[in-house]
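[1] here are the coordinates; sequence isn't available:
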Ligand code: ADP
Ligand code: MG
Ligand code: MG
C-alpha cells in the first residue's frame, strides 16, 4: 500500500481533491506545487497510516520506512542537501494536518535535523553562526516541548537569564556566541529533566516527531475538540515532512501570513502581515510588531513601518501574482502562509479563509460579479443564519464597554436603554421618547406591550425557548435570557450583581447575539440592507420556488417584514390584538360573561377595534395574501389577576366582584394548553369566531372600497382534530361572509383552512382536506403534541437530553424531521390526494430555520412563514433548498 505522497519541484503525487487521504495541509501543498508555485519539497504520510497505527497496537507497517526513505531521498535530490550530513545538512519541518483544521493536534516542529555537528555545517554554509545557533535553539525548544513534553517556560527562563546577564533586550541582540551558550544550557535542561541527552540522531528526531503527531490524535485536547465539532475519530491525521526554508537568515528574509481579501469586510484588498528576519510562528506569537503587506494596509492600520510593497517590491509583486493565481484556482478567499529566504518567495500553506458574515456576503457577490463563481455558488456560500448578525444593530466593536454579566443569547441584536422593571413602566417611559430595557425575572403574555415598547429585554430566568426569548425573536428585539447571576429587587427597583447596583432609570446595554450585558451605554451600529445584501437576496429570490411569508400582527411588524421582503402574512395571531390596554377590559368582560347575550354585548365592543386592526394590516400588505388565525389561546390567559383588575371588569360588565371571582375560578384549567382553546372555543362560543369573521370581511370591504386593491383573506382555524370541527366553524364563517357581502354589495373571495398541529389532524388530513382550502403546519404545537412535551417546561430537562445525545437539536428550534416531520409529510400527501391544489405552508418557529426550510422544500410546501427578522434568512435558505 502507498503510505507516502511526495510534493515539490512543480509536481506532486497528490492534489487538493485528496484531502481525506492527505489532510487539508498536505492536499493543498500538493496542489500549490502542481500549480507551479514555489513550494519547498516534501512528502505527506497519509491519514490511513494513522488509522493503521491505532488498529495495530501503535505499530507502523513495514513498508512505511522504506517509502519515507525514498521520499526523503527525492527531497534531498531536489534541494541538493543531505539529511544528517555534517557539511551540507537538509533540515525539515514536521507538520500535522487533519482533514479539518484541528487545534489540539501536535504543533509544528521546525529545523529538524539539527545537532551538534549539522549546526556547524549550517553555520558554514550560510556564513552566519548567529542564524545557525538561533535555529538550533529554536529546534531544541520546540522539539522538547512538543515531542519530549518538557514545558517551554523552562527554556524561556534560561533565555531571559541570558539576556539579563548580557544586558540584551531583544532576541535579535544575541550574537552567535550568546546563542551557543543558550543551546548548551537548553541541552543541559533536557538532560536534567529526562535523564538522557537531547537526541542527536536526525532519524531518531524525525521518527520521534512523526510518532508525536500520530500520538497527538488521541490526546485529551484533540478528543474533546473532535467531540465538540463532531469530527469522527476514524478520520485520522496526516503528517507533512517538508524541506525548511529560512526567514531568519538576515534582512532580505521574512515570514508572513495573508488573506487574499480582507476577511472582516470582504473588501477586495490584499491583507496581511510579515516580519523581517523571523521564523515560523513569530508573526502570530506577537514577539515584534509585524509590518503590513500593502501600502493600503499600512495606512488602514496606522503603521509607521514600511509595507512589503515598499521594502521588498519584487517579492511583493511575486506574492501578489500568487494571490491572484490561488484565488482563480480555488475560486475562494485564501488564507496563506509564506516565507522569504534571501529574497526568494516560498509558499508554505493555503486554505480557504475564515471570514465574518459581512465579508462572506460581499465576497460571494463580488466573486460572482468577477465571474470567478456562478450566482448559484454565491447563494450557496453564505450561511443563511449568519445574516442574523447583519440584520440587527450591533455593538460598535471599537467602543469601550463594561461587562456586567452574561446570559443566554436569546434574540440577536444590540440595544441600550434605561432600566425599567415592569411592562407598564416600559410603555410609559418609551412614550416619552426614552430608550428602555425591560428587565424581568421572567415575562408572560401580559408583558407584551412592555416588550414592544422596550429596545431590549433582559430576564434572569428561562432558556432559549422561554416566553421572553420566543416573543423577543418574533419582535426582533434583542434579548438576553436566563442571566441567573443577576438579582432583581422589584420593590427596591434595582438589579445587582456582586456589589454592582443598577437602579431604575440607569442605562444598560444588551448584546442579544452574545448574551452579554453591559453597564452604561455602548454605542451601536445600524445594519445596511443595500449593496451586496440586496444583490444576493435578488439572486436568491430568482432561484427559490417556495414563497416566504411572515408571522405578524402589528403594523410595525408587518411593515418591517415587507422591508425584509415578505410576500404576505402566513400567521396573524389575533389574540395578540386583544392584550392592548384599551381592549383587554372588553375581552375580559366577554370571557367573564356567563351567557351568550353577555358575550355578544362584550364582543360588540371589540368588533370595531378588531376591524380597524385588519384594515390597517390589509392596507400595509396591499393585496399580498394574509392568513388570519382565529382566537387560539385558552381563555384563562386573559383572566384578570389582581383585585383591582377584577374590579375593573366587574364595573365594565355590571356584575359584582364576587361574581367575577367565582367565574375566574370556574374557568381555571389544569392543563390549559391541552384544554379549552383553539377551535374548541369556536365550537362552544361560536359568537367569538363570528365576530372575528365579521371584522375580517368588513375590513376587506372597507379596504377594497377605499383603495381599489383586492384583498383575499385566508381564514385559519386553529387546533382542529376532526373534519367535523372544521365543517361546523367553516359554516359560521361562510354565513358571516354571505351576510357582509349582501349588506355591502361587495363580492368576497376568501379561503378557509386549518392549522395542522395535532397528530390526529395530520393522520386524518385526507378527510380534513375535503373541507379545507389550505393547511398551515403549526409545528410549535405539533412538536409539543407529538413529543407530548410542553415547550414552557422543557427548559428544565432539554439541555440534558441534548448533552446526552438523546436529541441532536432542540426540536423547537429545528424541526424533528424524523418524527414530527413524518407527520408533516403524511398530512401533505394525504391532503393533496384529496385536493391536489391544496395550499400548504408552515408557520411555526421552524419556518425561519434553514434545515427545517430545506425539509419544507422536500415535502413540497408552497410557502414558509417566519418572524419578520428571519424573512431574509428564509429567502436565502429557500433558495439554497431549491438549488
Ligand atoms: P499550523 O497548522 O499551526 O499553522 P504549520 O504546520 O502551518 O502549523 O506551521 C506553522 C508555521 O511554521 C508556518 O506558518 C510556517 O511559517 C512555519 N513552517 C512550517 N514548515 C516550514 C518550512 N518547511 N520552512 C519554513 N517554515 C515552515
Ligand atoms: Mg499553518
Ligand atoms: Mg398552535
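    Received the coordinates, thanks. Note that the structure is a prediction, hence the values are computed from the model and not measured. Numbers count the residues shown, from 1 in each chain. Ligands and ions are numbered 1, 2, ... in the order given.

[2] which regions of this structure lie under the pLDDT threshold?
    Flagging of the chain using pLDDT under 70 yields the residue ranges 104, 284-287.

[3] can you list the domains in it?
    4-243, 254-355, 393-525, 544-882 (automatic domain parsing).

[4] separation between the spatially closest residue to residue 84 that is not a sequence neighbour and residue 117?
    Nearest non-adjacent residue to residue 84, counting by CB to CB, 6 or more residues apart in numbering: residue 202, 4.0 Å away. In this view, the C-beta of every residue, glycine as well, is placed from N, C-alpha and C. Counting by CB to CB, to the nearest Å, the gap from residue 202 to residue 117 is 10 Å.

[5] Same question for residue 547.
    In this view, residue 547 and residue 117 are 75 Å apart by CB to CB.

[6] ok, now residue 483?
    For residue 483, the distance to residue 117 - CB to CB - is 63 Å.

[7] Give me the more crowded residue out of those two.
    Of the pair residue 483 and residue 117, residue 483 is the one with more neighbours under other CB atoms under 10 Å, namely 24 against 15.

[8] Now do the contacts for the more buried one.
    405-408, 458-460, 515, 517 (CB atoms under 8 Å, 6 or more residues apart in numbering).

[9] Ok, residue 263 next?
    Counting by CB under 8 Å, 6+ apart, residue 263 has contacts 271, 333, 335, 353-356, 359.

[10] If any of the residues you listed are buried, give me the ChimeraX selection for them.
    ChimeraX command restricting the contacts of residue 263 to the buried ones, with burial defined by 16 or more other CB atoms under 10 Å:
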select :271,333,335,353,355,356,359
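
[11] which residue does the stretch 751-883 of the chain bring closest to ligand 3?
    Using CB to the ion, the closest approach of the stretch 751-883 of the chain to ligand 3 is made by residue 781 at 3.5 Å.

[12] Go ahead and name everything in contact with whichever helix or strand that residue is part of.
    Assigned by DSSP states H and E, residue 781 belongs to helix 779-787. The contact list for helix 779-787, computed with CB under 8 Å, 6+ apart, reads 673, 719, 755-759, 762, 789-791, 811-812, 815-816, 819-820, 823-824, 842-847, 852.

[13] after it comes which helix or strand?
    Using DSSP H and E, the first helix or strand after helix 779-787 is helix 791-803.

[14] Packing partners of that following helix?
    If you count contacts as 3 or more CB pairs under 8 Å, 6 or more residues apart in numbering; DSSP states H and E, helix 791-803 packs onto helix 779-787.

[15] ok, 6 Å please
    With contacts defined as 3 or more CB pairs under 6 Å, 6 or more residues apart in numbering; DSSP states H and E, helix 791-803 has no helix or strand neighbours.

[16] contacts for stretch 266-278?
    The contact list for stretch 266-278, computed with CB atoms under 6 Å, 6 or more residues apart in numbering, reads 247-248, 251, 253-259, 261-262, 282-283, 288, 290-291, 293-294, 296-297, 308, 323, 359, 362-363, 366.

[17] Alongside ligand 2, which residues does the stretch 401-550 of the chain contribute?
    Within the stretch 401-550 of the chain, no position is adjacent to ligand 2 by CB under 5 Å from the ion.

[18] residue ranges for the strands of the stretch 401-550 of the chain, please.
    For the stretch 401-550 of the chain, the strands defined by DSSP state E, counting those that start in this stretch cover 403-406, 408-411, 414-420, 436-440, 456-459, 479-481, 487-489, 494-497, 500-503, 507-511, 516-519, 524-525, 547-551.

[19] Reformat these as CSV; add mean neighbour count.
    Converted to CSV, the strands of the stretch 401-550 of the chain look like this (neighbours: other CB atoms under 10 Å):
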stretch, mean neighbour count
strand 403-406, 17
strand 408-411, 24
strand 414-420, 23
strand 436-440, 27
strand 456-459, 28
strand 479-481, 32
strand 487-489, 15
strand 494-497, 19
strand 500-503, 15
strand 507-511, 26
strand 516-519, 22
strand 524-525, 16
strand 547-551, 28
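
[20] Those into a markdown table, with extra columns for distance to ligand 3?
    A markdown table is the format used below for these (distance: least, CB to the ion, whole Å):
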| stretch | distance to ligand 3 |
| --- | --- |
| strand 403-406 | 33 |
| strand 408-411 | 20 |
| strand 414-420 | 29 |
| strand 436-440 | 24 |
| strand 456-459 | 23 |
| strand 479-481 | 22 |
| strand 487-489 | 31 |
| strand 494-497 | 34 |
| strand 500-503 | 37 |
| strand 507-511 | 29 |
| strand 516-519 | 32 |
| strand 524-525 | 34 |
| strand 547-551 | 11 |
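
[21] Quick one, which of these gets closest to residue 157.
    With CB to CB, the closest approach to residue 157 among the strands of the stretch 401-550 of the chain belongs to strand 403-406: 34.2 Å.

[22] Within the sheet, what are the partner strands of that closest one, with directions?
    Pairing partners of strand 403-406, with direction, according to DSSP bridges: strand 516-519 (antiparallel).

[23] that older thread, relative to ligand 2, how far out is the residue nearest to residue 84?
    Here the criterion is CB to the ion, to the nearest Å. By it, residue 202 lies 23 Å from ligand 2.

[24] Wait, that residue touches residue 114, no?
    No. With contacts counted by CB atoms under 6 Å, residue 202 stays clear of residue 114, the gap being 8.0 Å.

[25] which of those two has more neighbours?
    Comparing residue 202 with residue 114 by other CB under 10 Å, the one with more neighbours is residue 114, at 27 against 21.

[26] what about residue 875, distance to ligand 2?
    Distance from residue 875 to ligand 2, by CB to the ion: 37 Å.

[27] could you say which helix or strand contains that residue?
    helix 871-882.

[28] Quick one: work out the angle between that helix and strand 547-551.
    Relative orientation of helix 871-882 versus strand 547-551 (axes from the mean of the first three to the mean of the last three CA atoms, to 10 degrees): 150 degrees.

[29] elements contacting helix 871-882?
    With contacts taken as 3+ CB pairs under 6 Å, 6+ apart, helix 871-882 sits against helix 531-543, strand 547-551, helix 850-859.

[30] From the chain's centroid, how far away is it?
    Computed by CA atoms, centre = their mean, to the nearest Å, the separation of helix 871-882 from the middle of its chain amounts to 15 Å.

[31] Just the buried residues of stretch 321-329, please?
    Applying 16+ other CB under 10 Å to stretch 321-329 flags 322-323, 326-327, 329 as buried.

[32] So which of these sit within strands?
    Judged by DSSP state E, strands contain none of the buried residues of stretch 321-329.

[33] Surely residue 849 and residue 812 touch.
    No. Counting by CB under 6 Å, residue 849 does not reach residue 812; the two are 9.9 Å apart.

[34] circling back to that earlier point, could you tell me which residues within the helix holding residue 875 count as buried?
    871-881.

[35] and if you look at stretch 811-824?
    811-817, 820-821, 823-824.

[36] okay, among the residues you listed, which ones form the most distant pair?
    With CB to CB as the measure, no two of those lie farther apart than 813 and 823, at 18.0 Å.

[37] Give the full set of residues in contact with the residue of the stretch 1-150 of the chain found nearest ligand 3.
    Using CB to the ion, the closest approach of the stretch 1-150 of the chain to ligand 3 is made by residue 100 at 40.3 Å. Contacts for residue 100 (CB under 6 Å, 6+ apart) come out as residue 231.

[38] ok, it to ligand 2 distance?
    On the measure of CB to the ion, residue 100 and ligand 2 end up 14 Å apart.
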